[in-house]
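[1] All I have is the shape, not the residue letters:
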Ligand SMILES: Cc1cc2nc3c(=O)[nH]c(=O)nc-3n(C[C@H](O)[C@H](O)[C@H](O)COP(=O)(O)OP(=O)(O)OC[C@H]3O[C@@H](n4cnc5c(N)ncnc54)[C@H](O)[C@@H]3O)c2cc1C
Ligand code: FES
């Protein structure tokens with residue numbers, strides 16, 4: 001409870017209320033999204049985590065929430081203890097979002113319309129899109145995951161991204177009654193659902209790391225498959241994917257005014273892999289702000305708070321990462337040559353004092369980019385599992401061809417014509 005008992009209680013209540021709000025919307029709008037009430041468990045397989053888990057139960061109980069410590073779960077793996085959070089919920093968020101859209105017949109939604117800038121003009125804003133169209137608005141909500149506007153706001157100084165890997169495997173085992181996440185590192189999260197063909201799907205997610213970390217990532221899916229096989233040795237892996245989420249320095253989302261210098265612009269971000277729930281908290285806080293109403297939870301999430309800066313350790317790590325990427329990495333001279341690059345892999349090499357990120361495909365075709373992030377100029381790292389260029393500073397990601405696929409970057413990488421070299 002590093003934020004104090006009162007704020008921790010409000011945070012918990014806001015999330016509990018969000019579950020109720022979502023359930024109410026689903027019932028009222030008759031959204032078919034497989035909504036089910038389920039207990040959620042935070043479990044451990046390590047003896048030295050047990051005390052931590054018991055303390056967490058005590059802390060949550062002090063806030064008035066009926067969590068309990070349990071020794072056993074239904075999981076067929078060696079669980080030493082878990083916190084049980086009763087009465088949580090599971091649903092399909094894509095079907096939920098589609099249901100929300102159906103419930104707003106008079107709202108126009110423009111897909112594939114990339115926003116690249118936001119300009120203040122008198123009492124209004126011009127939202128500028130990639131094809132240079134303008135949308136004029138009095139109120140703007142930046143719900144782009146990582147805010148795409150750098151200044152003011154300065155979210156790039158107080159937020160990073162963490163990448164998680166996911167596999168989904170068909171299984172003949174019954175659906176789990178609960179939802180599970182472990183308390184230790186590496187993170188493992190387990191869910192089951194039933195497919196339209198009646199088969200069960202076991203979803204195993206985790207193996208998180210800060211986006212852009214320079215390390216061998218090649219075994220991430222194998223590690224998740226090993227866990228799936230412990231649950232059902234006969235399971236058949238059908239899908240694999242990875243995705244990232246924004247993490248604020250004090251681990252609490254930023255919800256509310258984007259910046260004191262941009263009135264009527266709001267933000268919801270930093271959900272720390274809990275945004276299906278906390279985006280509902282954000283929606284209510286932002287709507288109340290626009291309508292001039294008080295919201296009991298707004299203080300906990302205040303997006304302009306300075307508090308994260310007080311988290312010196314995280315801030316220190318983050319600044320080190322940015323400085324390392326902006327300056328030190330650029331001065332280091334790599335001793336790599338084109339021949340060193342293995343097929344379906346990439347390297348940063350230096351030719352004529354220029355750093356070039358080169359990917360070699362199966363047929364030995366080469367794809368060369370300037371390995372400098374189009375967001376704020378950090379040097380990119382190669383993700384050898386996903387075949388992407390990832391940014392260690394704020395988590396932008398690019399294909400090996402240089403296409404921007406994850407914010408906060410909005411522009412593609414500079415392409416280098418290597419015939420020319
Ligand atoms: C492995 C994993 C497990 C998770 N499990 C849970 C869970 O159990 N419960 C839970 O509550 N949460 C969970 N989450 C977290 C949740 O999925 C995220 O927090 C949430 O999806 C983030 O929502 P968002 O609206 O901020 O971003 P997004 O869902 O990414 O939406 C942002 C939208 O903005 C659009 N956009 C971006 N840039 C631009 C631009 N320049 N112009 C126009 N549009 C733009 C994007 O296309 C996208 O549609 C999990 C996350 C992960 C990674
Ligand atoms: S994401 Fe910010 S510099 Fe790359």
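    Perfect, I can see it now. Model, not experiment: these values are computed from the prediction. Ligands and ions are numbered 1, 2, ... in the order given.

[2] how's this structure carved up into domains?
    The chain is divided into the following domains under automatic domain parsing: 36-90+159-248, 96-158+251-310, 328-420.

[3] what about the longest one, near ligand 1?
    Yes - using C-beta under 6 Å from any ligand atom, we find that domain 36-90+159-248 touches ligand 1 at 164, 166, 205, 243, 245. Bear in mind the C-beta positions are built from the backbone N, C-alpha and C, glycine included.

[4] From those residues, which land in strands?
    Applying DSSP state E to the residues of domain 36-90+159-248 next to ligand 1, the entries found in strands are 164, 166, 205, 243, 245.

[5] Just the buried ones from those residues?
    Applying 16 or more other C-beta atoms under 10 Å to these, the neighbour count classes 164, 166, 205, 245 as buried.

[6] export the residues of domain 36-90+159-248 next to ligand 1 to a markdown table and tack on pLDDT?
    As requested, those are exported to a markdown table (pLDDT from 0 to 100):
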| residue | pLDDT |
| --- | --- |
| 164 | 98 |
| 166 | 98 |
| 205 | 98 |
| 243 | 96 |
| 245 | 98 |
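
[7] quick one: residue 281 and residue 55, what's the gap?
    Residue 281 is 26 Å from residue 55, where distance means C-beta to C-beta, to the nearest Å.

[8] buried ones in stretch 249-265?
    Those would be 249-250, 252-259, 262, 264-265, for stretch 249-265 by 16+ other C-beta under 10 Å.

[9] Just grab the bridge partners of the residue most central in space within the chain for me.
    In the chain, the C-alpha closest to the average C-alpha coordinate belongs to residue 245, at a distance of 1.0 Å (C-alpha atoms, centre = their mean). Beta-bridge partners of residue 245, counted by DSSP bridges, are residue 162.

[10] Skip ahead from the lowest-mean-pLDDT helix or strand in the chain and say which helix or strand is next.
    Within the chain, judged by mean pLDDT, DSSP states H and E, the helix or strand with the poorest mean is helix 329-331; its value is a mean of 41. For helix 329-331, the following helix or strand on the C-terminal side (DSSP states H and E) is strand 345-351.

[11] Remind me what that following strand packs against, helices and strands.
    strand 354-360, strand 381-383 (3 or more C-beta pairs under 8 Å, 6 or more residues apart in numbering; DSSP states H and E).

[12] List the contacts of the shortest one.
    For strand 381-383, contacts defined as C-beta atoms under 8 Å, 6 or more residues apart in numbering pick out 212-214, 217, 345-348, 357, 389-392, 397.

[13] Neighbouring strands - and their directions - for it?
    When pairing is defined by DSSP bridges, strand 381-383 lines up against strand 388-390 (antiparallel).

[14] Show me how far the strand it pairs with is from its chain's centre.
    Relative to the chain's own centre, strand 388-390 is displaced by 16 Å; criterion: C-alpha atoms, centre = their mean, to the nearest Å.

[15] before we move on, what about stretch 35-47?
    For stretch 35-47, the separation from the chain centroid amounts to 20 Å (computed by C-alpha atoms, centre = their mean).
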